[in-house]
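In: Quick one: sequence plus predicted model below, questions after.
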Amino acid sequence: MAKVKPKKHLGQHFLKEEQIAAQIVNSLVPSNQYSKVLEIGPGMGVLTQYLIAKYGQNLSIVDLDGESINYLRKHFEELGPNILEGDFLRINWLAHFKNAPFGIIGNFPYNISTQIFFSVLDMRQNVMEVVGMLQKEVAQRIASGPGNKTYGILSVLLQAYYNIDYLFEVPPEAFNPPPKVDSAVIRLIRNDIKTLACDEKLFFRVVKQGFQNRRKTLRNALKPINLPPEMNEFYLLDKRAEQLTVNNFVELTQLIEKLWKT
């Protein structure tokens, strides 16, 4: 069967370097917390071949591209119904894995990589580990710490629930076609925090609102939330969102929650 042609509208850039593919797969280090693995955007299966060798029928793969799916079904017949055609963002993965914990790996399409990580957050009680190759700037943003200009909403929300490692970078020439940007591989491993010590919905809201006007102090950036007037002297409000740690945001959320209830 002829090779699959990468499609620009799907953000496809197929990795062609076998050594890098093996390195990405070896970066996924499942513990006894899970055995099921999901690969996003397998394309022509450069990662899939190594994943099958390690995980066999515990591997599921999903791709939106029908041409890729036909190719994968022919070359990886042993996966059978575990080859799924569809949009990762629209499939109920908790139902697919019968609410069991699982890991995620893939050469993520650049055009949905941020959405993939927000979906991971929604499934954080089940997604134990993620190894993803994505645009370098997005990878740096996710792994960035406080005080860095790239530190933002995804940084805080993901770091609240995952330990994040920025593993290595991949040059454009490793792909077909070469993207116009550098890529990087990151790993997220679920931490021990099942739930935050605050209202999690409010935490998400505070983080998102704080970074929407990141140049402003939180005193001004959080005005749409209608902070209790008793908070006027709270020390964190004189800082900008990018200066706060995850624990600072938890502390801020706790105080808002407490004062709203009084």
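Out: Perfect, thanks for sending it. The model shown is predicted, which means the values in this text are computed figures rather than measured ones.
In: helices or strands next to the longest helix anywhere in the chain in the packing?
Out: Assignment by DSSP state H gives helix 246-261 as the longest helix of the chain. Helix 246-261 sits against helix 153-161, helix 200-212, with contacts defined as 3 or more CB pairs under 8 Å, 6 or more residues apart in numbering; DSSP states H and E. Bear in mind the C-beta positions are built from the backbone N, C-alpha and C, glycine included.
In: hmm, try it at 10 Å
Out: helix 153-161, helix 200-212, helix 218-221 (3 or more CB pairs under 10 Å, 6 or more residues apart in numbering; DSSP states H and E).
In: Tell me the buried residues in stretch 96-110?
Out: 96-97, 101-110 (16 or more other CB atoms under 10 Å).
In: next one: stretch 136-151
Out: For stretch 136-151, by 16+ other CB under 10 Å, it's 136, 138-144, 146, 151.
In: Tell me if Q23 really is in a strand.
Out: No: if the criterion is DSSP: H, G, I helix; E, B strand; the rest coil, then Q23 is helix and not within a strand.
In: Excluding chain neighbours, what is closest to the residue nearest the centre of the chain?
Out: By CA atoms, centre = their mean, the mean C-alpha position of the chain lies nearest to F117, the distance being 2.8 Å. Distances taken as CB to CB, 6 or more residues apart in numbering place L154 nearest to F117, at 5.9 Å, with adjacent residues excluded.
In: one step back: of all the buried residues of stretch 96-110, which two lie farthest apart?
Out: P101 and Y110 (27.3 Å; CB to CB).
In: Next step: the buried residues of stretch 96-110 restricted to helices.
Out: Per DSSP H, the subset of the buried residues of stretch 96-110 in helices is H96.
In: low-scoring pLDDT stretches of the stretch 1-150 of the chain, where are they?
Out: The model of the stretch 1-150 of the chain has pLDDT under 70 over residues 1-2.
In: again, only this time at 90
Out: 1-13, 30-33, 109-111 (pLDDT under 90).
In: Ok, the stretch 151-262 of the chain next?
Out: In the stretch 151-262 of the chain (pLDDT under 90), the answer is 177, 214, 232, 261-262.
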